[in-house]
Every structure is written in C-alpha cells, then in structure tokens.
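Trainee: Give me a model of this one.
(one chain, ligands or ions: 2)
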Amino acid sequence: MQAPTEQQLHEAIACFPLDGEFLDVRPLRRGHIHDTVVSRFRKGDHETQYIHQRMNDAVFPDLDVLMENIHAVSDHMVRKHAAECADEFEPLRLISTGDGARYARTESGAWRTFVFIENTASFDRCAGTEQAFAAARAFGWFQRQLRDLSPDRLGETLPRFFSSTHRFAQFEVARAAASEDRLASAAAEIAFALERREMVSVVDDMLRSGEMPSRVVHGDTKLNNILFCDTTGAAKGIVDLDTCMPGYSLYDFGDLVRFTAATSAEDEREQDRIGTDLGLYRALAEGYLSMASDFLTPREIELMPFAARLVTFTIGLRFLADHLNGDHYFKIERDGHNLDRARVQFGMVRCMEARAIEMAC
Ligand code: GN1
Ligand code: MG
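Mentor: Ligands and ions are numbered 1, 2, ... in the order given. Got it, this is the predicted structure:
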C-alpha cells in the first residue's frame, strides 16, 4: 500500500472531532503492520498531539472486531484510572469519529485516532536493569488493570494468535510450499525448529485442561510499546492494543523477555551479538511480579522462564514461516530480513536453554 498523501492525511484527520487549530502532521516509524502519523493541534496556549493510524486490513481483516476490542480495553482502563485516582500510569485513550464510530473509513483506508501521551519517548533497546524493571512493572500494571475484564468480552481478532501449536502448524505448511531457494537458505533454522516440536503444545494443553487461566493480554509487549517519561525516565503508558485478546498472562511476560532482555536488535546480523541477558531477565521478572504476583497462580509464576523460551521460539517460527512464504506478513527492508529475525529468536532460545537453571524463579 502506498504512503498516504498530505491531502489524504488531512481528510482522515478531519473525520475526528479534535479541538483547536490544526498545526501539522508528521510520520512516526512504529511497528511492522500499520502506517502511523502524529498531528499537533493548538487551543489557546495549549498544544495537544494525536496519533493516527491507517490500519492494515490484510493483517486484520475484521476491523470492526479489532476496534471493538480496543475500545473495550481502553474504556475499561480509562474508567479504572479515573476511579482509582492513580497517576503512576496513563491509559491509552481512543477517540471516536464525529459520527461516534470507533474508526473512520476513507478513500485512503481505515483510520483510527488516539490521544498522544505527552512528554514521553519509546526505546528499541533496553538501557539497563532499572528500565527493564520499569518496563515489566508497566506490563504487570496493564494486566492487573484488565484482570477483571472477562476474556469473553473480547473477540479473537486473529484466530489462535497466541497458540504455539498453531504457529508450528503454519510453519509446517510454509515449509511444504516453500521454494528450493528459501528452503536451502533456512536449512539450519528449519532443523532447529523441528528439534523443538514437543515444547509447542505445553501451554495449549494447560489452557485446554484449565490448569492455566485464560486472561485478557496485551499480546505485543515489546519495549517500544511502552512510553517512558522524558524527564524522570519512569514508564507512563502502554500503546499498541491491536493484539489485546483472550490469551494467557505468560505470553506477555515471554514476549517482554524476548525483546527487552535481548543482547541484540530483533534483526541483528552479527551472530555473536545474539543472546539473552540474565541480569535484564531478572529485572524483568522482578518488575512484572511487583505488580502481578498476587493475581498470578503459583503455576504461572513457576512457568515464567519456560514462557520466555516458548514465546521467543514461537515468534521465531512466525518469522521463519514468513521467510519461507516469500515475506508476505511482516514488513521487510532487505532480502532475508525475516530469516535474520528468526535466527535472532532461535539464538535467544538456545541461550535460554543453556541457562534454564539460573533463570528459575
Ligand atoms: C508485529 O507490528 P508490530 O511490530 O507491532 C506482530 C507481533 C510480533 C512483532 C514482532 C499483529 O508487531 O505479533 O510479535 O511484530 N503483530 C501482529 O516484532 O502480528
Ligand atoms: Mg504490535
């Protein structure tokens, strides 16, 4: 899809009842899925910024369900925040269109708008254990706020999104249909994945038997989905509610470790930089438990290190499957980009396997 023109941006923004005089709009590079821009409005001396996103309906074919989920989560958190008068974290506020819809359909695509949380920044790499603790505490807070929102209230926007068994099956389908070239390029990663087939059913089996509770989760707990205060460095809020769906709490913890405790970028090409930092892992576990220890079950707490391996492996499988499929899902910036991403995830899994004893809580 082509980048929106200036005029298309204006048309999209005009669908939302935003107060004040429009000043400007700039692109924001964020995520692998949607197109994101930020607008500025002025009223008197006060400036407000808004996030506008053109949604990718190839990834999210049912935008109505997606936006109902996001509205349910945002609304629940905004109401709780107001009732608690707590100000450590800010909920993400969704703005309806002038007609009261959750999003706007325009000629250039489907657009939604959020209030920008001011004086904050996001980071692609973790600065140290203090930031890791704050990041995990923020996601612990997020799950805590949602612990009384029944998973039945949310639709499964992306069916079986969190299921590792499903992701393994998708990888198998991609492998069966892949070109000789792609198979050859990924031979080592394919072998790595096949050797770990057994781990993928562990959580799915526990969810089915009721041993693991189903909960509303964030579903994409990368460090760069947290907004940190520019002045104090404290975590202020969480963005990207796309994958808020019924899932299991440890998915969020595992994905957080995958990204934040990584010793390299998600798409690192230098093999010897890839790994998981144990000090960051511990800070993440402590930060998460500082908010979540009283509502997680003992079994969930015990499985935290396993979840870190499982989720990292599962997202590696998704990158690998997309490479084998010819790169249709994740945006890429170079040939072999998804294979590089898969290699990083699998390198981290290998590292965590070797340190499983040290990672136990
Ligand atoms: C995608 O677009 P982004 O970066 O927010 C993906 C996540 C993956 C992530 C890997 C809807 O998220 O599931 O973990 O890339 N989102 C979707 O970086 O598939
Ligand atoms: Mg996301």
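Trainee: Relative to ligand 1, how far out is the residue most central in space within the chain?
Mentor: Taking C-alpha atoms, centre = their mean as the criterion, Asp220 is the residue nearest the geometric centre of the chain, at 1.5 Å. Relative to ligand 1, Asp220 is positioned 5 Å away (C-beta to the nearest ligand atom, to the nearest Å). Quick note: C-beta positions are derived from backbone N, CA and C, even for glycine.
Trainee: Neighbours of the closest residue in space to that residue that isn't next to it in sequence, how many?
Mentor: Leaving aside its chain neighbours, Asp220 sits nearest to Thr243 (4.9 Å; criterion: C-beta to C-beta, 6 or more residues apart in numbering). The local packing of Thr243 (other C-beta atoms under 10 Å) involves 22 other residues.
Trainee: Equivalent analysis for Thr232, please.
Mentor: A count of nearby residues for Thr232, using other C-beta under 10 Å, gives 10.
Trainee: and the residue of the stretch 1-150 of the chain found nearest ligand 2, what does it touch?
Mentor: Evaluated by C-beta to the ion, the stretch 1-150 of the chain has Gly31 as its residue closest to ligand 2, separated by 5.1 Å. Contact criterion C-beta atoms under 8 Å, 6 or more residues apart in numbering gives Asp240 as the residues in contact with Gly31.
Trainee: now do Phe60
Mentor: 66, 157-158, 242.
Trainee: Can you list the low-confidence ranges for this protein?
Mentor: Counting by pLDDT under 70, the chain has low-confidence residues at 361.
Trainee: Enumerate the residues of it near ligand 2.
Mentor: Neighbours of ligand 2 within the chain, by C-beta under 5 Å from the ion: 220, 240.
Trainee: returning to what we had before: surely the residue nearest to Asp220 is in contact with Leu158?
Mentor: Yes. When contacts are counted by C-beta atoms under 8 Å, Thr243 is listed as touching Leu158 (7.0 Å).
Trainee: What's the local residue count around Pro91?
Mentor: A count of nearby residues for Pro91, using other C-beta under 10 Å, gives 21.
Trainee: Quick check: phi and psi at Gly237.
Mentor: When read as degrees, to the nearest 10, the backbone of Gly237 gives phi -170, psi 170.
Trainee: burial count for it?
Mentor: As a burial measure, Gly237 scores 21 neighbours (other C-beta under 10 Å).
Trainee: again, but for Glu88
Mentor: If you count neighbours by other C-beta under 10 Å, Glu88 ends up with 13.
Trainee: Hmm, Trp141 and it touching each other?
Mentor: Yes. Glu88 lies in contact with Trp141 (C-beta under 8 Å); the separation is 7.3 Å.
Trainee: and the nearest residue to Met291 once chain neighbours are set aside, what does it touch?
Mentor: Across the structure, with C-beta to C-beta, 6+ apart as the measure, the residue nearest Met291 apart from its sequence neighbours is Gly140 (2.8 Å). Neighbour list for Gly140: 287-292 [criterion: C-beta under 8 Å, 6+ apart].
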